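J.: sequence? don't have it. structure:
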């Protein structure tokens, strides 16, 4: 019998980026790249495992903002145009590389990849959420929720009504998409503060994830460290801690697998490498060069000299790395089992976009790992958190520590010089939203109700941790500033118009169309 468990967790998230007022908007490419390079390749892996009757388990968080974009007809239509343009470019590349066979075979690979992605997209009538729902209904994956717009909860604690709203909107949206209530949640940025488990219990959630130190610094110290979940004192909400060893072995670009010299080089894309006049029809209309997803080189080494990518070498390397990862987990589990006298649980969470987007071979590696784990050994068993809790009902009761999985492990990434100005405005808007919700707690109708619901949408969008994160990293900063200010300004205008009973219905309709997520939202959750 097995001596321990492995829980693979993929965090699937993108901020809500939808700009119907522009025909071609640069940041919308984040979604299109993720669909082509991460979500569809993961679907291919999971569906083939099901076809081959491999009894696997994996946990995925799908954030409400991502679900909203995947189910949006405008973005679905724009993705279809995007993938068709990529297919056209890849066909042109086959012609251009006629006398470069080492590149032409790769151009053919990309044509096949993009055509297959388009076929998968069309197979599910452009709604990939349906595909993941089917896999959950089969019992192979467990999909969990997140904060409605990925707001960073520890820095929202001055107005818990906003945290409550983030949770209630998320749970309701999840149920509308998957036909069941979520059991667990990926706290945005793994940000936890003692007492927030009470809000999770209110929302009907059973468990969440924490970075390692959130559990290791708990009071009292947990007997089994991060290798068994703990229950939060007073609520019984389970907390699963991240295993540092298995996580770092994958995500680290220096020590981890993705840096192997046989793997595809992310930073060499034909969108930047080829002549401007040739590539112009396939980059941004303003002439801004972008990644196309067609990349011909392998990492090769630490210098700028790169050699052509060889898919066969990369595939063999992915299989070897999957075997190495499993071997290390087996030895880890055997040691812990003997030491703990209890089956340990190894929780290995990753950003989903590592698989396919940043690490092109990531889905292949995952496929090899799952097959080897299920078919080639009996020391480790793949499991979801819900299954573990059903089988292991007795766990230590503690109070987890405040923590996150960002820079230095607490809140610094979201609260530093470039972004600290955000919070006084967010807190003020939260207090105003609570005031509106309580004033109209008995309900209202017509344009006032629409304005109240839209006010909550704008507040939620302003609270997205992505804007502060982008400001902290110094990339796309002008966009992050604009999004923060736009949503706050819209909220404040709505507040004033609601208070004075003079709502501009034409303008309201305009922003309802622009920021159209959560169609069934009820402003009264913010109280």
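T.: Perfect, thanks for sending it. Worth saying up front: this structure is predicted, and the values here are computed from it rather than measured.

J.: flag every buried residue along stretch 114-125.
T.: For stretch 114-125, the buried set under the neighbour-count rule, 16 or more other CB atoms under 10 Å, comprises 114, 115, 117, 118, 120, 121, 124. All C-beta atoms are positioned from the backbone trio N, CA, C, and that covers glycine.

J.: host element of the second one?
T.: Okay, so that is residue 115. For residue 115, the element it lies in under DSSP states H and E is helix 101-123.

J.: sec struct for the residue nearest to residue 409 when sequence neighbours are not counted, please.
T.: Sequence neighbours aside, residue 213 is the residue nearest to residue 409 in space, at 5.6 Å (criterion: CB to CB, 6 or more residues apart in numbering). Secondary structure, DSSP: H, G, I helix; E, B strand; the rest coil: residue 213 is helix.

J.: wouldn't residue 213 be in contact with residue 408 here?
T.: No - with contact defined as CB atoms under 8 Å, residue 213 does not reach residue 408; the gap is 10.3 Å.

J.: more neighbours: those two, which one.
T.: Higher neighbour count among residue 213 and residue 408: residue 213, with 20 against 8, using other CB atoms under 10 Å.

J.: and that one, how far is that from residue 146?
T.: As judged by CB to CB, to the nearest Å, residue 213 and residue 146 stand 21 Å apart.

J.: can you pull out the strands in the chain?
T.: Assignment of strands within the chain using DSSP state E yields the ranges 4-12, 58-62, 141-146, 184-186, 207-210, 230-232, 238-241, 345-351, 380-382, 397-398.

J.: those: which one's closest to residue 416?
T.: The minimum distance between residue 416 and the strands of the chain falls on strand 345-351, with 21.0 Å, by CB to CB.

J.: and the direction of the closest one versus that of strand 58-62, what angle?
T.: Relative orientation of strand 345-351 versus strand 58-62 (axes from the mean of the first three to the mean of the last three CA atoms, to 10 degrees): 40 degrees.

J.: what pairs with strand 345-351, parallel or antiparallel?
T.: Here strand 345-351 is paired, per DSSP bridges, with strand 4-12 (parallel).

J.: distance from the chain centre to the partner strand, please.
T.: Centre-to-centre, strand 4-12 and its host chain are 14 Å apart (CA atoms, centre = their mean, to the nearest Å).

J.: then stretch 402-415?
T.: 17 Å.

J.: and for stretch 432-441?
T.: The chain centroid and the centroid of stretch 432-441 are separated by 31 Å under CA atoms, centre = their mean.

J.: what does stretch 240-258 give?
T.: Distance of stretch 240-258 from the chain centroid (CA atoms, centre = their mean) equals 17 Å.

J.: same thing with stretch 83-98?
T.: Its chain's C-alpha centre and that of stretch 83-98 lie 30 Å apart, by CA atoms, centre = their mean.

J.: re earlier: turn the strands of the chain into CSV, columns for distance to residue 21 and mean neighbour count.
T.: Output for the strands of the chain, formatted as CSV (distance: least, CB to CB, whole Å; neighbours: other CB atoms under 10 Å):
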stretch, distance to residue 21, mean neighbour count
strand 4-12, 27, 24
strand 58-62, 27, 25
strand 141-146, 27, 25
strand 184-186, 31, 24
strand 207-210, 37, 26
strand 230-232, 44, 23
strand 238-241, 42, 25
strand 345-351, 30, 21
strand 380-382, 45, 21
strand 397-398, 49, 16
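
J.: ok, the nearest residue to residue 452 once chain neighbours are set aside - how many residues close by?
T.: Nearest residue to residue 452 in three dimensions, chain neighbours excluded: residue 523, at 4.0 Å (CB to CB, 6+ apart). By other CB under 10 Å, the residues close to residue 523 number 25.

J.: for residue 523, give me the pLDDT.
T.: Residue 523 is assigned 97 on the pLDDT scale.

J.: please report how far it lies from residue 373.
T.: Counting by CB to CB, the gap from residue 523 to residue 373 is 46 Å.

J.: do the same with residue 123
T.: In this view, residue 123 and residue 373 are 28 Å apart by CB to CB.

J.: cool, and residue 502?
T.: From residue 502 over to residue 373 the distance is 62 Å, taken as CB to CB.

J.: so which of those two has more stuff around it?
T.: Using other CB under 10 Å as the criterion, residue 502 and residue 373 rank with residue 373 on top: 24 against 8.

J.: and that one, what does it touch?
T.: Counting by CB atoms under 8 Å, 6 or more residues apart in numbering, residue 373 makes contact with 6, 56, 326, 380, 382.

J.: please repeat the previous calculation with a cut-off of 6 Å.
T.: 326, 380, 382 (CB atoms under 6 Å, 6 or more residues apart in numbering).
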